[in-house]
Structure formats: structure tokens, C-alpha cells
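S.K.: How does the following fold in three dimensions:
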Amino acid sequence: MTGDRPSWAPESIDLDRPNAARIYDYLLGGAANFEQDRVFAEKLLEVMPLARPAARLNRAFLRRAVRFCTQSGIKQFIDVGSGIPTAGNVHEIAQAVDPDARVLYVDNEPVAVTHSELLLRDNPNAMVMHGDLTDPGPVLTSPLIDYSQPVAVLMVAVLHFIPDSSTPHDAVAQYVSAMAPGSFLVLSHGVENPSLEGRDEVDRLYQESSSPGVRRTPEDITRFFEGLEFVEPGLVWTPEWRPESPEDVGEHPEASLVFAGVARKA
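M.R.: All right, here's what the predicted structure looks like:
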């Protein structure tokens, strides 16, 4: 596999092991993924065909949430676990509403960071840093963000790759503590559903990747928003969060597999 390494791919990347960010990129139709990621994704789709539409519904939620935050007066964003750049990135959505909006992307996946650096090289109001959600310190000291002013912290489809042993609720609480009043937390997370078809096969697949997943109950997901006030409609399936039309929700919003919510710090 080493001989197939693209010139832009950092040497630190293990091309022989699938990675969650690159699998997600493939499901969204991106090109920043490798053979092992594509093989994994196709196996995933065999046991759970809902994975691809769920990924796209999650991305659509991100776009709507960013527009909501920008229209609510937010001028700075932190996208933690931002993944690999694809259509409708946070800075594109926010800066279309407010050209001066600032966006800090954070990811611990080298491909995501490298691609973001290339994408943002001519954008003075957006930058990327290599960082980890569970280590808030470096993120919360970035010079791009003024923490005395409201900020939107985005944690979209990332927390379900962080096990309880890494204390994700404590980490999220640190971000919330640093947020000024008027800030928003934007979050989506896979939901525990013991009766979900293909569930066990998906779990076994992700154990082979570099980012094994973990689903949480609605109650556990709600805990991430502790101390914040949900904006309407609260914590719901991704297509149910402020859809652009009733048709976007469909007859089975639970097929999106993911809960999403936006909450404000008073």
C-alpha cells in the first residue's frame, strides 16, 4: 500500500487501516479516502444501507445549524472533529451570510488537517489545527477565537467515536464553560437502538477501524447539553431539526440513525 501513497498524504497515516473521517468522506461522495476506507464503507453499506443517507442527512443538519447560528448573530465557529472538507463546509456557509465570520477547524486525522490547510490557504478568517476533542486546552487558547464573545462550538458526528473511558462529557463541559453567554453548542450523535438491523455487524466492522464507534442513549446524549437551553425543536432526529420543507423529514426520520440538537448558553 505504501507505493500508492498520494503526494499530499502525510507519512504518519496508516493507509492499511480504515479511518472514520475518510469513511465518512467516501459516504458523502468525497475523494480524500483510500482503498481500505472504500472497502470498509462498502462492507458497511452491505449490512446497513442506511449509512449513506444517514451521513448526508447529518451533513444537511450541519448546514442548517450553521446558517441558524450565523443568522442569530454568531460571528465565530469552532468545528471540533471537522473531518475532511467536502461540499458545504462551515466557513462557506457562515461566510456566505457574514464574510467576516471566523472558523477554526479542529481534527486529529492527518488527512483532514492536510486537506483543510490546502482549502483554507487563501482564507484569512479560517484555519485548521491538529487537535483532539478530549484535550480542550489547545483549542481554547487559539488566537483566532475571541472567547469573550459568543461562539458556536460544533461537535457533529464526532462524539460517537469517543468512548466513555475518555470522559467525553467532561471534555464537552470544558468547552461549554469557556463559551461566552449567547454562544451555541451544535451536536449530533448516533443513537443506541438494540433492535437496529445490522447493528452487531456494524460494531464488528468498526472494531477493525482506527475509530471504533459507540452509540449512546438519548438520555446520555442530552447530558452533553447540561447547563444549556435547547432551541426549538430540541433534541430530534437530524431531518427533524428545522427542515427546509416537510418533505425533507420523510415518513421515517428515525432512519437517519442520528440525534441532533442546538442549545444556547444563557
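S.K.: buried stuff in the least confident helix or strand in the chain by mean pLDDT?
M.R.: Ranked by mean pLDDT, DSSP states H and E, the weakest helix or strand in the chain is helix 199-207, scoring a mean of 76. Buried residues in helix 199-207, counted by 16 or more other CB atoms under 10 Å: 202, 205, 206. The C-beta positions use only the backbone N, C-alpha and C, and glycine is treated the same way.
S.K.: CSV for these, including distance to residue 69?
M.R.: Output for these, formatted as CSV (distance: CB to CB, whole Å):
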residue, distance to residue 69
202, 31
205, 34
206, 30
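S.K.: What's the first helix or strand after the least confident helix or strand of the chain?
M.R.: helix 218-223 (DSSP states H and E).
S.K.: could you pull out the strands for the stretch 1-150 of the chain?
M.R.: Under the criterion DSSP state E, counting those that start in this stretch, the stretch 1-150 of the chain contains strands at 76-80, 102-107, 126-130.
S.K.: Just the C-alphas of the last one, formatted as PDB.
M.R.: Listed in PDB are the C-alpha atoms of strand 126-130, where the atom choice follows Å, rounded to 0.1, in the frame of the first residue of the first chain:
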ATOM      1  CA  ALA A 126     -10.500  30.300   8.600                       C
ATOM      2  CA  MET A 127      -7.800  28.000   9.900                       C
ATOM      3  CA  VAL A 128      -7.300  24.400  10.900                       C
ATOM      4  CA  MET A 129      -5.300  22.900  13.800                       C
ATOM      5  CA  HIS A 130      -4.400  19.300  14.700                       C
END
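S.K.: I'd like to know which elements that strand is packed against.
M.R.: Where contact means 3 or more CB pairs under 8 Å, 6 or more residues apart in numbering; DSSP states H and E, strand 126-130 is packed against strand 102-107, helix 110-120.
S.K.: The residue lying closest to residue 127 once chain neighbours are set aside: neighbour count?
M.R.: Distances taken as CB to CB, 6 or more residues apart in numbering place residue 144 nearest to residue 127, at 5.6 Å, with adjacent residues excluded. Per other CB atoms under 10 Å, the neighbour tally for residue 144 reads 14.
S.K.: In TSV, list the strands of the stretch 1-150 of the chain along with distance to residue 24.
M.R.: Shown next, in TSV, are these (distance: least, CB to CB, whole Å):
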stretch	distance to residue 24
strand 76-80	14
strand 102-107	11
strand 126-130	17
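S.K.: wait, which of these is closest to residue 150?
M.R.: strand 76-80 (7.8 Å; CB to CB).
S.K.: tilt between that closest one and strand 126-130?
M.R.: Relative orientation of strand 76-80 and strand 126-130, computed by axes from the mean of the first three to the mean of the last three CA atoms, to 10 degrees: 30 degrees.
S.K.: What pairs with strand 76-80, parallel or antiparallel?
M.R.: Strand 76-80 has these partner strands in its sheet, going by DSSP bridges: strand 102-107 (parallel), strand 152-156 (parallel).
S.K.: closest to residue 51 out of those strands?
M.R.: Ranking the strands paired with strand 76-80 by distance to residue 51, with CB to CB as the measure, places strand 152-156 first at 16.0 Å.
S.K.: List the contacts of that closest one.
M.R.: Contact with strand 152-156 is made by 58, 61-62, 65-66, 69, 74, 76-82, 90, 133, 172, 175-176, 179, 183-188, 224, 260, as judged by CB atoms under 8 Å, 6 or more residues apart in numbering.
S.K.: one step back: quick one: closest of the strands of the stretch 1-150 of the chain to residue 254.
M.R.: Using CB to CB as the measure, strand 76-80 is the one of those that comes nearest residue 254, at 26.1 Å.
S.K.: What's the local residue count around residue 46?
M.R.: 12.
S.K.: mind checking the backbone torsions on residue 189?
M.R.: For residue 189, the backbone dihedrals (degrees, to the nearest 10) come out as phi -160, psi 140.
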